[in-house]
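>>> return atomic coordinates for the entry below.
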Amino acid sequence: MRRALLGGLVSLATTFVTAPAIREVLIRQGTMDIPNHRSSHTTPIPRGGGLACLTGVAMGTLVTGRQGKIRGRTMAGVAALTAAGFLDDQSVDGVNPYIRLAVQAVAGAVFGPSLAVAPISSLGTAGTVNVVNFMDGIDGITGGIAAVWGVSTLCAGRRERDAVLQTFGSVTAGAGLGFLPWNLSRDRFFLGDVGSYLFGSLMAASISHVATRPQLALRVAAPLLPYMVDATQALVRRAMSGDSLTEAHRGHAYQRLVDEHGLTHSSVALAHSVTAAVIAISVANLPGRISVGVAAATSAAYVTAPLWFDAEAFRPIERGGTP
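Numbering: from 1, shown residues only. Down below sits the predicted model:
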């Protein structure tokens, strides 16, 4: 446990220290996120901050050494997915979606503890990586969820005496926390696909690692429930309205809170992180049915938050008018 915590601290410090240098290099190379109709920003912002997180994760994992018990093939899968994200950031048209999906499927099979669970691991990895990528749309949201997920997974690994969960949880939390100050500062810096793919692959690898222990796998996956629910409702709403599911959109709950109701990126990201933390704590400490109820109610409250602000009771009262 001490070595895992040391790895997390190294991951945090390395990410924080290397981020500004990487930002300058990306600006010089012209690796910028140009605003479009799906964007939550109005000026070009450098993207690729996940490279700093990658450096942090790599250094943190090296510090844990053999005590981390990370398999070489697992690290190869994480590296392959992160590389796919990096190439997507660098390419004008992006990497062919079928190639991305193939990389996700192969990496997922590699993450699985056995051939028997490889198909499930492949599907789970593709789902996890894409959900994290889809949801990385405002400042602070993915850094925050990486921190919450990492701490939750570290605690789960400590309880189960699982060195892999401890290591991945610690270095993920460290990288997420180390990047947040740069993502939320005036000189903003985006994770990019390299960052969302890195965090998504670490999460997917951890869930796949315990795939044969369903209760533990659910606990590791629990903090991602708000991400999954928000992504699902957005796709369902688009399907019901006849819109294309493959086109960029702004139908996520967090986007609507920012765009339609004027909430700041940091406040929405914080609300999301708190939601994930409540779910993680309830799943870890409450009886099964109660924890499921808390998780469902909390996720529903978060994803329906835009409707609350639409309600009459939340509308400001104009002077001289009536409620």
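
>>> pretty sure residue 208 sits against residue 107.
No. The pair residue 208 / residue 107 is not scored as a contact, 9.4 Å apart, by CB atoms under 8 Å. Bear in mind the C-beta positions are built from the backbone N, C-alpha and C, glycine included.

>>> what do the two both touch?
residue 125 (CB atoms under 8 Å, 6 or more residues apart in numbering).

>>> ranges for the helices of the chain?
For the chain, the helices defined by DSSP state H occupy 2-29, 50-64, 72-90, 97-111, 118-135, 141-160, 163-183, 192-209, 214-221, 225-240, 253-259, 265-285, 288-303, 305-310.

>>> okay if I get these as CSV plus mean neighbour count, distance to residue 44 and mean pLDDT?
Below are the helices of the chain laid out as CSV (neighbours: other CB atoms under 10 Å; distance: least, CB to CB, whole Å; pLDDT from 0 to 100):
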stretch, mean neighbour count, distance to residue 44, mean pLDDT
helix 2-29, 19, 9, 94
helix 50-64, 25, 18, 95
helix 72-90, 20, 14, 93
helix 97-111, 19, 24, 93
helix 118-135, 21, 20, 93
helix 141-160, 24, 20, 96
helix 163-183, 27, 16, 96
helix 192-209, 29, 13, 96
helix 214-221, 18, 35, 94
helix 225-240, 18, 25, 85
helix 253-259, 21, 19, 85
helix 265-285, 20, 17, 93
helix 288-303, 16, 30, 91
helix 305-310, 15, 28, 80
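
>>> so which of those helices gets nearest residue 43?
helix 2-29 (12.7 Å; CB to CB).

>>> burial count for residue 115?
Applying other CB atoms under 10 Å, we find 8 residues neighbouring residue 115.

>>> got the confidence number for it?
With respect to pLDDT, residue 115 scores 86.

>>> ok, now residue 311?
Note on residue 311: pLDDT of 62.

>>> ditto for the one 4 residues further on
Per-residue pLDDT puts residue 315 at 52.

>>> surely residue 210 meets residue 220?
Yes. Contact criterion CB under 8 Å: residue 210 and residue 220 qualify, at 6.1 Å.

>>> now do the shared contacts for those two.
residue 165.

>>> any idea how far residue 56 is from residue 259?
Remark: distance between residue 56 and residue 259 (CB to CB, to the nearest Å) = 32 Å.

>>> contacts only, for residue 210.
So residue 210 contacts 162, 165, 216, 217, 220 (CB under 8 Å, 6+ apart).

>>> quick check: phi and psi at it.
phi -110, psi 30 (degrees, to the nearest 10).

>>> and for residue 161?
Backbone geometry at residue 161, expressed as degrees, to the nearest 10, gives phi 60, psi 40.

>>> and it, how many neighbours?
9.

>>> now residue 251
18.

>>> excluding sequence neighbours, find me the nearest residue to it.
residue 234 (4.1 Å; CB to CB, 6 or more residues apart in numbering).

>>> that neighbour contacts residue 254, correct?
No. Counting by CB under 8 Å, residue 234 stays clear of residue 254, with 9.9 Å between them.

>>> what separation do you get for the residue lying closest to residue 108 once chain neighbours are set aside and residue 58?
Nearest residue to residue 108 in three dimensions, chain neighbours excluded: residue 125, at 3.0 Å (CB to CB, 6+ apart). Per CB to CB, residue 125 is found 20 Å from residue 58.

>>> likewise residue 273?
Residue 273 is 25 Å from residue 58, by CB to CB.

>>> same question, residue 73
As judged by CB to CB, residue 73 and residue 58 stand 16 Å apart.

>>> show me what contacts the nearest residue to residue 85 once chain neighbours are set aside?
Nearest non-adjacent residue to residue 85, counting by CB to CB, 6+ apart: residue 197, 3.0 Å away. When contacts are counted by CB under 8 Å, 6+ apart, residue 197 touches 50, 81, 82, 84, 85, 86, 88, 129, 132, 133.

>>> and the furthest pair within those residues?
Pairwise over the contacts of residue 197, using CB to CB, the maximum falls at 86 and 132, 15.3 Å.

>>> residue 20 touches residue 181, doesn't it?
No. Counting by CB under 8 Å, residue 20 stays clear of residue 181, with 10.1 Å between them.
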